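[1] okay, here's the prediction I keep looking at, along with the sequence it came from:
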Amino acid sequence: LNVSNGQTINLARTRLSRVAVRDAAGKRIDTGYTVDLEAGLVTFTDVSGMAMPVSVEDRIEDMAVATDVQISGQITFNRPLTHDYPAAGTYVSSALEAGDRHARVSLVFDQNTWDKATWADAPTGAVAVASYDTANAPIEVTNAGATTERWALEFTSNSAFRVIGEHVGIIATGDINTDCAPVNPASGTPYFKI
């Protein structure tokens, strides 16, 4: 399109989610026009720096839960779509809702000694005489603070310990009479509370 100042282009669709204007070289232009997404209109206000012809791309979208997907490509949604989508040029994307993922503690075990270098998902050597009671005092984690990490509580006395992460190293000290909640500096919330 060769456009001029004050010209309005009707994109023939309403309730757009995005509009992009590109110059003759395909470079995105971010100024010199206004967009009315609801009405599907682009009005050019300053075309002086635009290499003609320009192209205008628009996109519509709906977000719904897929309740059934067939191998034929037929998808059933939990609600009607608000736009008509042509078979050619239409894409279906998926998203995982944040509520579907939860921080968790996957393995907890005790062992009598540790070489301070070997990280494993099961005890190596003799298990400890005493064990942490995860049933009555579960280790608390949140999506905001937790990270994928193997942790060790290395006891330095009968009641004091150091918190050591496989990748982050020693991050805290604690004792068995006080809750330990070392703060994740990336989120400002605890990695866990034990």
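    That came through, no problem.
[2] quick one: residues contacting the spatially closest residue to Ala25 that is not a sequence neighbour.
    What sits nearest to Ala25 in space, not counting adjacent residues and going by Cβ to Cβ, 6 or more residues apart in numbering, is Ala51, at 6.2 Å. Yep, even glycine has a C-beta here, placed from its N, CA and C like the rest. Going by Cβ atoms under 8 Å, 6 or more residues apart in numbering, Ala51 touches Asp23, Ala24, Ala25, Lys27.
[3] find me the pLDDT at the third one, would you?
    You'll see Ala25 listed with a pLDDT of 95.
[4] how many neighbours does it have?
    Neighbourhood size, Ala25 [other Cβ atoms under 10 Å]: 6.
[5] equivalent analysis for the one 4 residues further on, please.
    Using other Cβ under 10 Å as the criterion, Ile29 is surrounded by 18 other residues.
[6] about what we covered before: which of the contacts of Ala51 fall in strands?
    Using DSSP state E, no member of the contacts of Ala51 falls within strands.
[7] widest-spaced pair of those residues?
    Using Cβ to Cβ, these span at most 8.6 Å, a distance reached by Ala24 and Lys27.
[8] need the contacts of Ala51 in a markdown table (columns: distance to Asn10).
    Listed next are the contacts of Ala51 as a markdown table, based on distance: Cβ to Cβ, whole Å:
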| residue | distance to Asn10 |
| --- | --- |
| Asp23 | 21 |
| Ala24 | 22 |
| Ala25 | 25 |
| Lys27 | 24 |
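[9] now the residues you listed: which count as buried?
    Burial by neighbour count, judged by 16 or more other Cβ atoms under 10 Å, picks out nothing from those.
[10] can you tell me how far the residue nearest to Ala25 is from Gly32?
    Between Ala51 and Gly32 the computed distance is 12 Å (Cβ to Cβ, to the nearest Å).
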